[in-house]
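Colleague: Output the structure for:
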Amino acid sequence: MHLPDRHSRAFSPVQMLENGLNMHSAVSIGFRQHARPLLVYILGWGRSGSSVMANILGSMPDAASLGEMRYLWDRGVMEDGICGCEAAFSECAFWPDLSFGAQPLKAMDSERARALTRSIGSGARRRQFPGLHNERSRKTYFDRSAGDLDLLMGLYAEAFERSQSRVLIDASKSPFYALNLLYEQRSFDVVFLHLVRDPRAVLHSWKKRKPREDVSEGQLFPRYSSTRSLLQWAVVNAECERFAHLAPDRYYRVRFEDFAENWQRALATDAAPLFEQVPGGRGGENSRAALVHAQHSISGNPARFILGEVTLDPNTSWRDEISGTDRRLARMICGPAARRYGYVMGAV
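Modeller: Reported below is the predicted structural model:
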């Protein structure tokens, strides 16, 4: 993906958030009107392009991206990570005053945030996993977590109001955290947008050294072996597909390669019920171009800090760079699912 230099943009994050960048002149589609506010949850495995997709969707009219909400408690409250606006979480103009029950996030102590990480956040996978597979386990999870889930749904509702948006994007990706959003005691609707990418490209990406720019210590994202990243790709995408059955009228799937080639056409084709033509909008001559403005986003790929005009690219450098062994592993571990998604798992 070709992106401009992070520090050479025409607008600062604050200017872009305060003034907005009107996408009506830059896009031909926007979100359809819904009776209630709409949360778009991006499902998928890491390194599939979710941060880029979230920024683009959040820059559409009347929309905003929250980033990866499953990390709110650990990377936000406890680590005081860097928001997409480039302010520390505790100094951000959006997050600290949002309420979790009677308490603003800025007053939450580490012990409470750690407990939420384990109960409904990024550390709750083992508690959430059974709920994806049977109704009884799902009910058990909801009953056990009802208090925290009620407060979480209230937090999302306040985020709609504070952002003045009718559509919010949650790029958490995790199908396990997504179980929270099947909880019915909420004042907004939810749809699930499953983003999938060629497993060989994902494998290649997980081997690269990539800095986490949401912390001040210069930490790196983890790097995974070929076998681990491919197994994770297969398992996580299979769990994401469960939402085609758990929420059949609210599940859509988009391939990253199609999104990068022509993101407006991909969305209008594969998630058609969510989008409509924007009056007076235009697609532009470059189908890969998008105009992105700053988001108050939690965690995610460093690409969430890249603002202004971006040009998407499927980035097929993996074709020349991965080994024959990795190609065979990908075909063996991910072959059936990858072919079902339309990827040719031959020698290429």
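Colleague: okay, CA-based contacts and neighbour counts for the rest of this
Modeller: Will do.
Colleague: just so I have it, where are all the strands in the stretch 201-348 of the chain?
Modeller: 251-255, 275-277, 289-292, 308-311 (DSSP state E, counting those that start in this stretch).
Colleague: ranking these by burial, who's on top?
Modeller: Most buried of the strands of the stretch 201-348 of the chain, by mean neighbour count (mean count of other CA atoms under 10 Å): strand 289-292, with a mean of 23.
Colleague: elements contacting that strand?
Modeller: helix 50-58, strand 308-311 (3 or more CA pairs under 8 Å, 6 or more residues apart in numbering; DSSP states H and E).
Colleague: thinking again about what came up before, take the strands of the stretch 201-348 of the chain and write them to CSV, including distance to Phe142 and mean pLDDT.
Modeller: Shown next, in CSV, are these (distance: least, CA to CA, whole Å; pLDDT from 0 to 100):
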stretch, distance to Phe142, mean pLDDT
strand 251-255, 21, 98
strand 275-277, 31, 94
strand 289-292, 36, 94
strand 308-311, 41, 92
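Colleague: Tell me the spacing between Gly76 and Ser90.
Modeller: For Gly76, the distance to Ser90 equals 8 Å [CA to CA, to the nearest Å].
Colleague: Between these two, tell me which one has more neighbours.
Modeller: Using other CA atoms under 10 Å as the criterion, Gly76 and Ser90 rank with Gly76 on top: 26 against 21.
Colleague: want to throw the strands of the stretch 201-348 of the chain into a markdown table with distance to Arg138?
Modeller: Shown next, in a markdown table, are the strands of the stretch 201-348 of the chain (distance: least, CA to CA, whole Å):
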| stretch | distance to Arg138 |
| --- | --- |
| strand 251-255 | 18 |
| strand 275-277 | 31 |
| strand 289-292 | 37 |
| strand 308-311 | 41 |
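Colleague: of all these, which lies closest to Gly30?
Modeller: strand 275-277 (5.4 Å; CA to CA).
Colleague: Describe which strands the closest one pairs with in its sheet and in which direction.
Modeller: According to DSSP bridges, strand 275-277 forms sheet pairs with strand 29-31 (antiparallel).
Colleague: ok, residues contacting the next helix or strand after the partner strand?
Modeller: The helix or strand immediately downstream of strand 29-31 is strand 38-43, counting by DSSP states H and E. Strand 38-43 has contacts (CA atoms under 8 Å, 6 or more residues apart in numbering) with 50, 54, 166-175, 178, 188-195, 240.
Colleague: quick check: angle from strand 38-43 to helix 50-58?
Modeller: If you take axes from the mean of the first three to the mean of the last three CA atoms, to 10 degrees, strand 38-43 sits at 160 degrees to helix 50-58.
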